[in-house]
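> With the input below, show me the fold.
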Amino acid sequence: MVLGIWAHVKLTSAYGKYSQVPAESGKTGAEAARQILDQAGLRNLRVEEVDGHLSDHYDPSRRTLFLSPDNYRGRSIAAVGVAAHEAGHALQHQNADALFNLRMQLVPVTQFASFAWMGVLMLGWFFGRTFMAKFILIAIGLFAVMTLFQLITLPVEYDASRRAKEQLLRLGLVRTDEAQGVNRVLDAAALTYVAALASSVMELLYLLTLARDRR
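Have a look, this model is predicted:
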C-alpha cells in the first residue's frame, strides 16, 4: 500500500510539473501520436479523446488509441510523452510483440479472476473449515493468474516507454534537453505498475500462508 501511494505521488508530481512545460515542437499529444503512428504505417489506427484524468490507453480490439483531454489537446512535454507511450503499445501490436500478445490473451481470464477469487474465499468461509482449504487453493490459482498478468505487464509497459522515447527524438517531437522531462513522467508512470506487481505478490504470499495454516 505504501509503495502504491509513493508511486502515485511520484506520478502526480512528475506529470503535474511537466504538464506545465510546453514542448518546443508545439504539437499536441494527439498530433504527436498521429505522427508516430503514420510514420509506422498505421494510418488507419484512430486517435480519439476519452473522458477522465490519465485515462489514456490503447485498445487493440478496436485498433484505437484513446487519450485523456489533457493529453489529447495539451501541448506539454507530459502530454506528448504519455501520447507517445500509448502509441508505443500500438507499435508493439503491429510488431506482434510476444509479451504484448500474451497480455492481450490474458485480459478476459484476468478480468474473471479479479472478482472471482474473493467470491471463492467467501464461499469457503460459508461452507466452513472442512471445505475452506480447498476453496483457498482455488482462490490461490485465480490470484496467481492476476499476478502473472501484472508480471507480464511490467516489461510491456517499459518497452512501450522505450519505443516512445526513441520515436519522440527520432521524429523531432521533443528536443534532447526535453527528453529528461519525458523520462521522468514515463518512469514515474512505470512505478505504478511496479507497485501493482508488488501488491499482487504480497497478496498471493498471504493466501499461500493462509493455505498452509489451514492444513
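
> measure the most centrally placed residue in the chain to M118 for me?
When CA atoms, centre = their mean is applied to the chain, the residue found nearest the centroid is E157 (5.9 Å). Using CB to CB, to the nearest Å, we find E157 at a distance of 26 Å from M118. From N, CA and C alone the C-beta is placed, and that goes for glycine too.

> just A23 next, same as before
Applying CB to CB to A23 and M118 gives a distance of 44 Å.

> Would you map the strands across this structure?
If DSSP state E is used as the criterion, the strands of the chain fall at 46-49, 57-59, 64-67.

> Quick one: these as JSON lines, columns for mean pLDDT too.
Putting the strands of the chain into JSON lines (pLDDT from 0 to 100) gives the following:
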{"stretch": "strand 46-49", "mean pLDDT": "97"}
{"stretch": "strand 57-59", "mean pLDDT": "97"}
{"stretch": "strand 64-67", "mean pLDDT": "98"}
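
> outside of stretch 30-46, which residues touch it?
23, 25, 27, 47, 49, 62-65, 67, 71-73, 79-80, 83-84, 86-87, 90-91, 94, 164, 167-168, 171, 173 (CB atoms under 8 Å, 6 or more residues apart in numbering).

> Mark which of those are buried, thanks.
23, 25, 27, 47, 65, 67, 71-72, 79-80, 83-84, 86-87, 90-91, 164, 167-168, 171, 173 (16 or more other CB atoms under 10 Å).

> Now, the residues you listed that are in helices?
Of those, the ones assigned to helices by DSSP state H are 71-72, 79-80, 83-84, 86-87, 90-91, 164, 167-168.

> Flag every buried residue along the helix or strand of the chain with the lowest mean pLDDT.
Lowest on mean pLDDT, DSSP states H and E among the helices and strands of the chain sits helix 98-127, with a mean of 88. For helix 98-127, the neighbour count (16+ other CB under 10 Å) marks 100, 103-104, 106, 110, 113, 117, 120-121, 124 as buried.

> wait, what's in contact with the residue nearest to the centre of the chain?
Contacts of E157 (CB under 8 Å, 6+ apart): 189-190, 193.

> Which one (most neighbours) among those residues?
Per-residue neighbour counts (other CB atoms under 10 Å) across these peak at A189, which has 23 neighbours.

> Just list the residues touching that residue, thanks.
Contacts for A189 (CB under 8 Å, 6+ apart) come out as 11, 15, 82, 85, 157, 161.
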